[in-house]
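Enquirer: generate coordinates for the sequence data below:
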Amino acid sequence: MSEKITYDLNIATANINDAGTDATVKIQLIGEKGKSPEVALDKPGNDFEQGDHDTYRVTIDDIGDLKKVRLFHDNGGMQPGWCLGALSIRWSTSELGTVAGGLPAEKLTVQHWWPELGAVSGTVRVQVDGSIFGLPQDVTVSGVWLAKDSGGIDKTFDLKTSGRKETVLTALSGIGGPPR
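Expert: Okay, the predicted model is just below:
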């Protein structure tokens, strides 16, 4: 039986007009050992609305180091087009053990990935707290469209990573170790 890996997905819908979608958004992770199943991203409430930041947890069989991510939707609902603003993928694990002197320790391993997104820019007018006299300001945002009339509803992106980061946290209180 294959080891299960849990990924945290942070997905931002661009904050430009008509960026949100009513379609069912799905993701597929592609690694050096294979592909994940297609996973529908859905939680209670209304996902993928303009300016939203949504977080999802996906547990799949180990497919090795991630290389690509495929995002797509079913083109359903009243407004199916969607503008992805940002995506990050995080994996982490922790192990309990000991270090020199028998002190309890926790080893935390974390890896982040993010896609190279194309850019579609738009300008929105927003009210910014603290702006001079509270006047609206123009803000430029970027994203990539998944829409039939904007290059398609199914896109695959190469992933970048900063590599695995391992940290050993020592002297966990209340877990074993010599008496004080």
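Enquirer: burial measure for T156, as a count.
Expert: Residues near T156, counting by other CB atoms under 10 Å, number 12. All C-beta atoms are positioned from the backbone trio N, CA, C, and that covers glycine.
Enquirer: no, scratch that, I was asking about K67
Expert: 15.
Enquirer: do the one 3 residues further on as well
Expert: Each residue near R70 was counted by other CB under 10 Å, and the total is 17.
Enquirer: in the chain, which strand is the longest?
Expert: Counting residues, the longest strand in the chain under DSSP state E turns out to be strand 82-99.
Enquirer: would you mind measuring from the closest residue to L29 other than its chain neighbours to E49?
Expert: Closest residue to L29 apart from its sequence neighbours, by CB to CB, 6 or more residues apart in numbering: S36 at 4.3 Å. Note on S36: its distance to E49, by CB to CB, to the nearest Å, is 25 Å.
Enquirer: kindly report the same for T156.
Expert: For T156, the distance to E49 - CB to CB - is 24 Å.
Enquirer: how about R164?
Expert: With CB to CB as the criterion, R164 and E49 are 34 Å apart.
Enquirer: and A40, by the same measure?
Expert: Taking CB to CB, one finds A40 at 17 Å from E49.
Enquirer: over to K35?
Expert: 29 Å.
Enquirer: how about T6?
Expert: 26 Å.
Enquirer: do L9 as well
Expert: 17 Å.
Enquirer: what pairs with the host helix or strand of A12, parallel or antiparallel?
Expert: Element membership for A12, per DSSP states H and E: strand 4-13. Using DSSP bridges, the strands paired with strand 4-13 are strand 53-61 (antiparallel), strand 82-99 (antiparallel).
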